[in-house]
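Asks: next comes the sequence, and after it the predicted model I'd like to discuss.
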Amino acid sequence: MSERDKGFSFRKLFFRDTEAGTQEKPIQKAEPGNNITQDDFITNTSQKTAVGDQNQALVEDFVQRLQNLINQNNQTGFDFLEFTESLFEEKQNPGPEVYKTVFRIAQKIDKSLTPSRLLDSAMFYKDLVQRTADSEISKGGSKKQGLQSEKDTEKTNLNNNLKGTRTKIQQLTRQIQELQNQEAALSNQLSAIDQKYDSQVTDIERKINAIRDAKEQVILSIVDIEAGIKSNLS
């Protein structure tokens, strides 16, 4: 990806692009001490796209959720988010002079602002994304493990029943027809177990991978600006 594209991607991660005839909405700050209820990434996901587009749609969905989480936890005062917003208001791909200019203007708004404070707030948002994504991945892994355990238990139980039924067929020849019918029914149930659970497991795996990709996109974007701050302002 070119440097020009990196800057544009970072802007899109945090701020809506201005559309024709509309104005870009400012970042909404969370009230101090007011914790935002975290969305359940694994469970509360609506998929209305074609199968071929589902993975990318999931990544974009999780990127948007992480973006909303960052905006909802915007720290008070002029911090990394406001600095980043100002950077991209000046230029799509801000260079060293833009960093310095925006920082000088920002210091007029907040005289206590320092590059160190900007880096600290960047770390805050990066850690927020990391913790949230890791927590959701962990929850997804637990749900996947739970489904796998249920699947294995059901398969074991049905296999045991099937073996028992086959034994009865051998021992009780008088009831062979009845037991063969029971065998066929249990075999059908056993064959349906994979279909019953595999789609759920596959869905969770896709969501876990999408969360990982979303986390990487957001963190890499933060790192770009963090690197710019370090090289141009520190």
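Replies: It's in.

Asks: read off the pLDDT value for the residue of the chain most remote from its centre.
Replies: For the chain, the residue at maximal distance from the C-alpha centroid (C-alpha atoms, centre = their mean) is Arg174, at 59.5 Å. pLDDT, Arg174: 75.

Asks: any idea how far Lys168 is from it?
Replies: For Arg174, the distance to Lys168 (C-beta to C-beta, to the nearest Å) stands at 11 Å. C-beta coordinates here come from the backbone N, C-alpha and C atoms, glycine included.

Asks: the most centrally placed residue in the chain sits in which helix or strand?
Replies: Closest residue to the average C-alpha location of the chain: Ile211 at 2.9 Å, with C-alpha atoms, centre = their mean. Applying DSSP states H and E as the criterion places Ile211 in helix 176-232.

Asks: and that helix, what other elements does it pack with?
Replies: Packing partners of helix 176-232 (3 or more C-beta pairs under 8 Å, 6 or more residues apart in numbering; DSSP states H and E): helix 3-14, helix 54-72, helix 80-90, helix 96-109, helix 115-171.

Asks: repeat that with 6 Å
Replies: Applying 3 or more C-beta pairs under 6 Å, 6 or more residues apart in numbering; DSSP states H and E, we find helix 176-232 packed against helix 3-14, helix 54-72, helix 96-109, helix 115-171.

Asks: between these, which one is nearest to Ile229?
Replies: helix 115-171 (5.3 Å; C-beta to C-beta).

Asks: average pLDDT across the closest one?
Replies: Mean pLDDT, helix 115-171: 92.

Asks: cool, stretch 67-75 as well?
Replies: For stretch 67-75, the per-residue pLDDT averages 91.

Asks: for stretch 186-205, same thing?
Replies: Rounded mean pLDDT across stretch 186-205 is 86.

Asks: can you list the buried residues in that stretch?
Replies: The neighbour-count check on stretch 186-205 (16 or more other C-beta atoms under 10 Å) flags Leu186, Gln189, Leu190, Ile193, Tyr197, Val201, Asp203, Ile204 as buried.
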